[in-house]
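K.L.:
I would like the atomic coordinates for the input below:
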Amino acid sequence: MSELLSPAIPAWDIIIRTTIVYVSLLILLRIAGKREIGQMTAFDIVVILTVANAVQNAMVGPDNSLVGGLIAAAVLVVINYLVAALGVRSRLFKSALRGHPTLLINRGQFVMPNLRREEVDPDDVLMAMREHGIDDVNQVKLAVLETDGSISIVPQEVETLHTRPQHHLKYLKKKV
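P.N.:
Residues are numbered from 1 along each chain as shown. Prediction:
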């Protein structure tokens, strides 16, 4: 029973290890790009499960105690809360963490440099168009890869209402 409750390594060691793993995975997912997060396939789920198994030992080391696992879980929840809170308070941190939306179609034309940079297949954009009831790229005013990996479509005939600060639109225009 004491093995169940007594960590094999000091709690601070678990806290440091878990923090390093969290930050490392956050950076790796950010490098992977928006599409990797927004459109998960069976292959992505396998990678996530495998990574979770691989980093478990990195977080708790030789510790198999209940307390060690709970410490690691608590650290992950606290760090995630702090990262989210910092993202709300700091525009710079939020930008570095999330990135910016990327223009994929502008006035019926694919923006190929942006598609290549974001590694988005034009077929994925066409699928998003069909989901919005649009079957011709010429009917699209804008298609935008959002920071969460989803693709937003604005049809040609729809008047665009600006609900976000204009600096977002300026950023999108620079990429055209």
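
K.L.:
ranges for the helices of the chain?
P.N.:
Taking DSSP state H, the helices of the chain run over residues 2-5, 11-32, 34-38, 42-60, 66-89, 91-98, 112-118, 122-131, 166-174.

K.L.:
Quick check: which of these is buried the most?
P.N.:
Ranked by mean neighbour count, the helices of the chain are led by helix 34-38 with a mean of 18 (mean count of other CB atoms under 10 Å). C-beta coordinates here come from the backbone N, C-alpha and C atoms, glycine included.

K.L.:
State the mean pLDDT of that one.
P.N.:
Taken as a whole, helix 34-38 has a mean pLDDT of 56.

K.L.:
check contacts around the residue nearest to Asp135 when sequence neighbours are not counted.
P.N.:
Leaving aside its sequence neighbours, Asp135 sits nearest to Met129 (CB to CB, 6 or more residues apart in numbering; 7.1 Å). Applying CB atoms under 8 Å, 6 or more residues apart in numbering, we find Met129 in contact with Asp135, Val137, Gln139, Val140, Ala143, Ile153.

K.L.:
For burial, what's the neighbour tally of the last one?
P.N.:
Translated: Ile153. Burial of Ile153 is recorded as 21 neighbouring residues (other CB atoms under 10 Å).

K.L.:
surely it meets Ala128?
P.N.:
Yes: counting by CB atoms under 8 Å, Ala128 is a contact partner of Ile153 at 5.7 Å.

K.L.:
overlap in contacts of these two?
P.N.:
Common contact partners of Ile153 and Ala128 (CB under 8 Å, 6+ apart): Ala143.

K.L.:
okay, the closest residue to Val23 other than its chain neighbours: pLDDT?
P.N.:
Computed as CB to CB, 6+ apart, the closest residue to Val23 that is not its neighbour in sequence is Ile79, at 7.9 Å. On the pLDDT scale, Ile79 is placed at 92.

K.L.:
how about low-confidence regions in the protein?
P.N.:
Scanning the chain for pLDDT under 70 picks out 1-3, 33-43, 158-176.

K.L.:
Now do the contacts for Asp13.
P.N.:
Gly61.

K.L.:
go on, the one 5 residues further on?
P.N.:
Contact analysis of Thr18 by CB under 8 Å, 6+ apart lists Met59, Val60, Ile71, Ala72, Val75, Leu76, Ile79.

K.L.:
Let's have these in TSV, adding distance to Ala8.
P.N.:
Output for these, formatted as TSV (distance: CB to CB, whole Å):
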residue	distance to Ala8
Met59	13
Val60	9
Ile71	12
Ala72	13
Val75	17
Leu76	19
Ile79	22
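
K.L.:
of these, closest to Asp123?
P.N.:
Leu76 (35.9 Å; CB to CB).
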